[in-house]
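In: Model the following, please.
(2 chains)
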Protein chains: 2
Amino acid sequence: MIPGSSPDDKIERACISFVKEYQEINGSFVQVFEKPPTPLEFLRECVHPNRPALIKDAFSHWPAKRLWTNEYLREKIGADTPVTVATTPNGYADAVTFDPKTQKEYFAMPYEQSMPFGRFLDILEGKEEDPRIHYISLQNDSLNTEYNVLASDVDADIAWCSEALGKKPDATNFWFGSEESVTSLHKDPYENCYAVIRGQKTFVLFPPAEYFCLHETLYPSAAYEPNDRGELELKPLEGDQKVPWIPVDPLYPNMERYPRFQHARPIEVTVNEGDMLYLPAFWFHHVLQKGEQGVIAVNSWFDCEYRNILYPSMTLFRELANNEE
Amino acid sequence: MIPGSSPDDKIERACISFVKEYQEINGSFVQVFEKPPTPLEFLRECVHPNRPALIKDAFSHWPAKRLWTNEYLREKIGADTPVTVATTPNGYADAVTFDPKTQKEYFAMPYEQSMPFGRFLDILEGKEEDPRIHYISLQNDSLNTEYNVLASDVDADIAWCSEALGKKPDATNFWFGSEESVTSLHKDPYENCYAVIRGQKTFVLFPPAEYFCLHETLYPSAAYEPNDRGELELKPLEGDQKVPWIPVDPLYPNMERYPRFQHARPIEVTVNEGDMLYLPAFWFHHVLQKGEQGVIAVNSWFDCEYRNILYPSMTLFRELANNEE
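Out: All right, here's what the predicted structure looks like:
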């Protein structure tokens, strides 16, 4: 075989030119709507093209927007009520993490801690010192389960989205955390309407077409657990089930290790208090947050369309990108 | 390299499992609507999933449905009016064709003949003998140009489709031919609403995901021209521009020559007089027609959505399927 034309090169070339063609057609921007779109407009301009949108003034009528101060939440949820908190030493829950003890990389999951909501708030407000990072980030329809007392402060539904998709949300989640929490690059098989109620979130987005640039890899999984001294340590999980995850940090990419990332075109979008981000199904996203007294968001996940070519394409991309064979 | 695991095998395996995953999700059927869908329903259930639909009772109010007898057309268009007719010896205009003279396969195009409309009708009705097959099949918005006198007999617009897509049709074409005409397997970059006004058409459909099964190949092109004895012969076109076309006849597939076709799942749908087929963008279609006094159809092409992953995927599939490297 002549150098420079091996079939793996053929795959590499085909995938890179596919990425470039997608980028040429779409550019690297997010549509902005000054008010919520109509269902038809949303379906046609956002969901069908599978392109993100920033929607202003999408939920100014939600009581949550004015009600959700820390005082209100302490009162409403109850200071003594136990809540589930994702706890990490570094703010990275669900992320590829180098473990100094075993000298290996793991897909690291947080220590899922139950603590009184009042204590969570005290740590957030600096009234109690704790070097660990705490994030309320359960994604099991938490607004309607653990935070059910808050549910009536937001619409049960994003009307224009539900009407467009012909279905109710599959889950609505309550997110509450500090600037130290970072969500590492990943994707979800859901249409996602993400409302920032307090503070600001910055999303770094990549379309599914750029999968090839992101070097998804299988990692053994581990979860943080407190050791005898109460410090969080990674503990490998039993069994051999590996987890596919994106190792690249889009803000500090290691180009030598992840050379295909040079072909990606990150789309950065800041979602301010009062804004809603439409994050299309299968879009990769990395999230940072800002806000001194805590950042609060509510997102609704809607089941996505599995019938068109996008979903099976993700499997095809994965098989092609895997060069280990 | 170990046998059975060359990287071209890797591409083959990845593409075939992609095809199978698509088929498992979608099955091999066409949705049927007993009446026209709403714009939202059409966008959500047909266009966004990129799945075909058969729509009953979609144009019962078009005057064309009752008016378009041969007599009416002869009168309205005018027997002496010259029209453009695609003429072939075998009914296959735009098809991969073996040329006995040069012993080569070509992408064969029809002889584009101008003839009085009355003569076209006479041949169709058997009043004039002609061994050649004639088909009125110009696709240049012919209903609004060459057949402009008929335009007011149909709606200028498919209202629910235009509203769903947010645009008017790019072209509306008038089709008139006999049972001998066959449209060979190909795709168009348009959302297509295809109304059968007289007779019956049978479409054999393949989703874009099955591209890999169809053995698209580049062919030199040739067009039919009458020789000295008035018989149509293929004449290779000047220049070296090759045309990509599908060589498989889905009704009589040569599995030895085109082995990947075994993985395709043809979807056959009969469109009766009064029915409309929604043929999604990039779907491959092979078309047969039935109707003794001629078969008439009108189709509207709407520009498709280029932003989502489907369009660049077609280029990726082409590059991957090309094993000639």
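
In: Report the mean confidence score over the helix or strand harbouring A:C193.
Out: Following DSSP states H and E, the helix or strand that holds A:C193 is strand A:190-198. Here strand A:190-198 scores 98 as its mean pLDDT.

In: Distance from the chain centre to it, please.
Out: Distance of strand A:190-198 from its chain centroid, counting by Cα atoms, centre = their mean, to the nearest Å, is 10 Å.

In: The next helix or strand after that strand versus strand A:190-198: what angle between them?
Out: Using DSSP H and E, the helix or strand that follows strand A:190-198 in sequence is strand A:200-206. Put simply, strand A:200-206 runs at 160 degrees to strand A:190-198, going by axes from the mean of the first three to the mean of the last three Cα atoms, to 10 degrees.

In: So, low pLDDT: which residues of the stretch 151-300 of chain A?
Out: Scanning the stretch 151-300 of chain A for pLDDT under 70 picks out nothing.

In: ok, which residues in it are in contact with chain B?
Out: Listed as neighbours of chain B in the stretch 151-300 of chain A under the rule Cβ under 8 Å from any Cβ of the partner chain: A:163-166, A:207-209. Every residue, glycine included, has its C-beta placed from N, CA and C.

In: So which of those is the closest to B:A151?
Out: Set against B:A151, the nearest of those by Cβ to Cβ is A:A164 (33.8 Å).

In: so is the closest residue to A:E319 other than its chain neighbours in a helix, a strand, or just coil?
Out: Nearest residue to A:E319, sequence neighbours excluded (Cβ to Cβ, 6 or more residues apart in numbering or on different chains): B:A14, at 3.9 Å. Taken by DSSP: H, G, I helix; E, B strand; the rest coil, the conformation at B:A14 corresponds to helix.

In: give me the number of residues near B:A14?
Out: Other residues near B:A14 come to 21 when the count uses other Cβ atoms under 10 Å in any protein chain shown.

In: Check whether it really touches A:L320, as I assumed.
Out: Yes. If you go by Cβ atoms under 8 Å, B:A14 and A:L320 touch, sitting 5.5 Å apart.

In: Can you tell me which of the residues of the stretch 151-300 of chain A next to chain B are buried?
Out: With neighbours counted using 16 or more other Cβ atoms under 10 Å in any protein chain shown, these contain these buried positions: A:163-165, A:207-209.

In: can you tell me which of those residues are in helices?
Out: Judged by DSSP state H, these include A:163-165 as members of helices.

In: Closest to A:H215 out of those?
Out: Of all those, A:H215 sits closest to A:L165, with 31.8 Å by Cβ to Cβ.

In: Please name the nearest non-neighbouring residue to that closest one.
Out: Using Cβ to Cβ, 6+ apart and skipping residues adjacent in sequence, the residue nearest A:L165 is A:F302, 5.2 Å away.

In: Doesn't that neighbour lie inside a strand?
Out: Yes. Residue state for A:F302 (three-state DSSP) corresponds to a strand.

In: what number of residues lie near it?
Out: A:F302: 22 surrounding residues under other Cβ under 10 Å.

In: now swap in A:E34 and tell me
Out: Around A:E34 there are 8 residues (other Cβ under 10 Å).

In: Check A:P244 too.
Out: Other residues lying near A:P244 total 12 when counted by other Cβ under 10 Å.

In: Three-state assignment for it, please.
Out: A:P244 is classified as strand under three-state DSSP.

In: Isn't it up against A:F317?
Out: No. Using Cβ under 8 Å, A:P244 is not in contact with A:F317; the gap is 11.6 Å.

In: For the stretch 151-300 of chain A, which segments are assigned as helices?
Out: Applying DSSP state H, counting those that start in this stretch to the stretch 151-300 of chain A gives helices spanning A:159-165.

In: Would you map the strands across it?
Out: Remark: strands assigned in the stretch 151-300 of chain A by DSSP state E, counting those that start in this stretch are A:171-177, A:182-186, A:190-198, A:200-206, A:217-226, A:232-236, A:242-245, A:267-272, A:276-279, A:284-290, A:295-303.

In: would a markdown table of those strands with distance to A:E146 be doable?
Out: A markdown table is the format used below for those (distance: least, Cβ to Cβ, whole Å):
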| stretch | distance to A:E146 |
| --- | --- |
| strand A:171-177 | 8 |
| strand A:182-186 | 19 |
| strand A:190-198 | 17 |
| strand A:200-206 | 21 |
| strand A:217-226 | 20 |
| strand A:232-236 | 22 |
| strand A:242-245 | 25 |
| strand A:267-272 | 23 |
| strand A:276-279 | 22 |
| strand A:284-290 | 20 |
| strand A:295-303 | 13 |
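
In: Span of stretch A:59-67 from start to end?
Out: In stretch A:59-67, first residue to last residue: 13 Å (Cα to Cα, to the nearest Å).

In: and that stretch, how far from the chain's centre?
Out: Using Cα atoms, centre = their mean, the offset of stretch A:59-67 from its chain centre is 23 Å.
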